[in-house]
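>>> here is a sequence together with a model predicted from it:
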Amino acid sequence: MDIDRSPDAAVIAALREALHADDEGASALGWPAVRAFEEEHGVTVPEPYRTFVAEVSDGSFAGPPDYGLVALAEVPDDWGDDRSQRVLARPFPLAAAWLWEEDEDADEDLIEQVFNDGSIVLGTDGCGMYWHLVVSGPQRGQVWMISGEGATPFGGAAGFAGWVRHWASGKGWFDAS
């Protein structure tokens, strides 16, 4: 799916069903708020997440991840107050998985950029494991798991819809088949 083209109704219906968002859009953020968020941060949120938060629901207690999908402009409760400022318009700095815990030359500034630049936080699985949707840079539209140990993309070119579909099928996160 083109990350900038509006998703078809079947994709949105599948997301609505998987995330148990059946309140006829009452929990949606609305298009004016999505556009204001994008203008404030200098990004265009990738589809179909963009349409989902505008028309279906701005977050979900059902998941994914384990503690639910956070609202567009939010971070999970366990994010912490001592993190650097998030800059969504700055490109996400990685192109491949990186396990900095095992990298003797790991650059702390680059690690902070991985957490804070070019992505929105979708939610947490707890223990400092955060799911991000990349909103700027070459990885735009992809979902990444970022934790204190490292960062890895989820399932190749799965994007938000593929990530939700994988979760809804009951597969484990590291079972990409």
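Perfect, I can see it now.
>>> check what pLDDT Met1 gets.
Met1 is assigned a predicted lDDT (pLDDT) of 46.
>>> can you check Ser119 too?
Note for Ser119: predicted pLDDT of 97.
>>> tell me the contacts of it?
For Ser119, the contacting residues are Leu88, Phe92, His132, Leu133, Val134, Val135, Trp144, taking Cβ atoms under 8 Å, 6 or more residues apart in numbering as the criterion. C-betas here are computed from N, CA, C, even on glycine.
>>> the residue most central in space within the chain: what secondary structure?
Residue closest to the mean C-alpha point of the chain, counted by Cα atoms, centre = their mean, is Leu133 at 2.8 Å. The three-state assignment at Leu133 reads strand, by DSSP: H, G, I helix; E, B strand; the rest coil.
>>> what does Gln113 give?
Assigned with three-state DSSP, Gln113 falls in the helix class.
>>> report the contact partners of it.
Counting by Cβ under 8 Å, 6+ apart, Gln113 makes contact with Arg90, Pro93.
>>> how close does it get to Asp125?
Separation of Gln113 from Asp125 (Cβ to Cβ, to the nearest Å): 22 Å.
>>> kindly report the same for Asp66.
5 Å.
>>> cool, and Ala36?
When Ala36 is compared with Asp125 (using Cβ to Cβ), they lie 29 Å apart.
>>> more neighbours: the two, which one.
For Ala36 and Asp125, the more surrounded residue by other Cβ atoms under 10 Å is Asp125, and the numbers stand at 17 against 13.
>>> surely the more buried one is within a strand?
Yes. Assigned with three-state DSSP, Asp125 falls within a strand.
>>> what's it in contact with, if anything?
Contacts for Asp125 (Cβ under 8 Å, 6+ apart) come out as Pro65, Asp66, Tyr67, Trp131, Trp173.
>>> how does it look with 7 Å?
Each residue near Asp125 by Cβ atoms under 7 Å, 6 or more residues apart in numbering is listed here: Pro65, Asp66.
>>> how close does it get to Glu17?
On the measure of Cβ to Cβ, Asp125 and Glu17 end up 22 Å apart.
>>> now Gln139
Spatial separation of Gln139 from Glu17 under the definition Cβ to Cβ is 27 Å.
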